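> One predicted model, sequence on top.
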Amino acid sequence: MNRWLTEAVPRGRVAAFRTLIYLFVAADLVIFTPWVRTRVSVPGDLYQPLLIGRLLPLPTPTETLVTVIFWALLLLALLAATGRAPRLLGWAVCALYLEWMIIAMSYGKVDHDRFGLLVALAVLPTAGRARHGDTTRTEAGGWALRVTQIAVICTYFLAAFAKLRFGGLDWLTGSVLARAIIRRGTDLADLIAQVPYLLIVAQFGIVAFELLSPMVFFLPPRWRLAMVGFFYSFHAVTIATITISFAPHLAALTSFLPLERVRPLVRARRLIGRAPSEATTTDAPEPRPAEVDPVPADQGPVAAGAGPALDGQAPVVGRPVGP
């Protein structure tokens, strides 16, 4: 079990995953959860902190507190994405983003798609230093990725458990997807809803897929990647039909991928370096043919192999050497 939990991975994979996660945190602040800053306009009596917020305890959000957290987290996440000071910056980002989520989720709605991302932020500081493209393997980085993978799969499995716990078998045969389509469905969802019993079949399929998601750990590497691709396709369909993105979960899901193979900066440098060389080759004038001194008349024809070749070229059989 310990060997599986600490299976070594290339440091380049850890570096790429770290950069992606911290860049997502920065994007999350300005794209997905900027509405958290509006919580300060809500009366403080409506703030019902989560259990962790009651245990610490944390203060009731104010405009000053939320603004400081926003700008500090944005700056530190961008710095952490560079890979510098991975422990210091990593722990700082983890603590600030946890507080950001506690503020966001303490007003009556808790999103379960943040679990994998929060676990990733908690374990990445333990992975140590890692550089992009480094092929040396690290068990500490492997442990960080494995724990994130477990959190991602728990998100699926526990979601199915919650459906059956609170909704029972009626969740499978009820109108869950139909209500979702009515509330926030797209034109594609309207077309799907017209097919008899298709939504019921889809609900059975969703629960089956979530319950069987732990099987990804028992598959060979190639089939594991195929199953992760199915996870992404499932979320693509979800976005296309009922406009639910699960973006934080999708970021954490990249812990399954060989990210060390994706190196956009290296490819950009190659493209930039290739463009001038191609322009030089295209614009350069054609070289003039080398001039060869005529063979003196007294030497006569030379057979192939009888004398030294001119300009590094062997003489043609049956022809005299020279122009």
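Noted; the coordinates are in hand. Here the structure is a predicted model, which is why all the values come from computation and not from measurement.
> ok, and for stretch 213-222, which residues are buried?
For stretch 213-222, burial by neighbour count (16 or more other CB atoms under 10 Å) applies to 213, 216. Just so you know, the C-beta spots here come from the backbone N, C-alpha and C atoms, and that holds for glycine as well.
> brain fart, stretch 105-124
Buried residues in stretch 105-124, counted by 16+ other CB under 10 Å: 105-106, 113-124.
> Please state the mean pLDDT value computed over it.
Taken as a whole, stretch 105-124 carries a mean pLDDT of 93.
> That one spans what distance, first to last residue?
23 Å (CA to CA, to the nearest Å).
> what about it, distance to the chain center?
17 Å (CA atoms, centre = their mean, to the nearest Å).
> cool, stretch 183-193 as well?
The chain centre lies 28 Å from the centre of stretch 183-193; the measure is CA atoms, centre = their mean.
> when you give positions from now on, start the count at 31
Okay, residue one is now 31; in that scheme the one you just asked about reads as stretch 213-223.
> can you tell me the average pLDDT over that stretch?
Across stretch 213-223, the average pLDDT comes to 94.
> Stretch 72-86 too?
The average pLDDT for stretch 72-86 rounds to 85.
> ok now that stretch, how far from the chain's centre?
Worked out by CA atoms, centre = their mean, stretch 72-86 lies 32 Å from the chain centre.
> Would you mind pulling the contact partners of it?
Identification of contacts with stretch 72-86 by CB atoms under 8 Å, 6 or more residues apart in numbering yields 69, 87-88, 90-91, 128, 132, 135-138, 140.
> Could I get the full set of helices for the stretch 181-330 of the chain?
200-203, 206-214, 217-223, 228-242, 251-272, 277-283, 294-313 (DSSP state H, counting those that start in this stretch).
> Highest mean neighbour count out of those helices?
Comparing these by mean neighbour count (mean count of other CB atoms under 10 Å), helix 277-283 ranks first with a mean of 22.
> who does that one touch, helix- and strand-wise?
helix 41-57, helix 145-153, helix 169-192, helix 251-272 (3 or more CB pairs under 8 Å, 6 or more residues apart in numbering; DSSP states H and E).
> Can you say which of those helices is nearest to D220?
D220 sits nearest to helix 251-272 of all the helices and strands packed on helix 277-283, at 9.2 Å, using CB to CB.
> got the angle between that closest one and helix 228-242?
For helix 251-272 against helix 228-242, the angle by axes from the mean of the first three to the mean of the last three CA atoms, to 10 degrees is 140 degrees.
> Now distance to G74 too, for the helices and strands packed on helix 277-283, in TSV please.
Listed next are those as TSV, based on distance: least, CB to CB, whole Å:
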stretch	distance to G74
helix 41-57	27
helix 145-153	25
helix 169-192	30
helix 251-272	34
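> I'd like to know which of these lies nearest to G215.
helix 251-272 (5.7 Å).
> and for that closest one, what are the contacting residues?
Under the contact criterion CB under 8 Å, 6+ apart, helix 251-272 has outside partners 186, 207, 210-211, 213-216, 218-219, 222, 239, 243, 245-247, 249, 274-276, 279-280, 283, 286-287.
> Also stretch 278-290?
For stretch 278-290, contacts defined as CB under 8 Å, 6+ apart pick out 40, 42-43, 45-47, 50-51, 54, 58, 62, 143-147, 149-150, 162-163, 165, 175, 178-179, 181-182, 185, 246, 254-255, 258, 261-262, 265.
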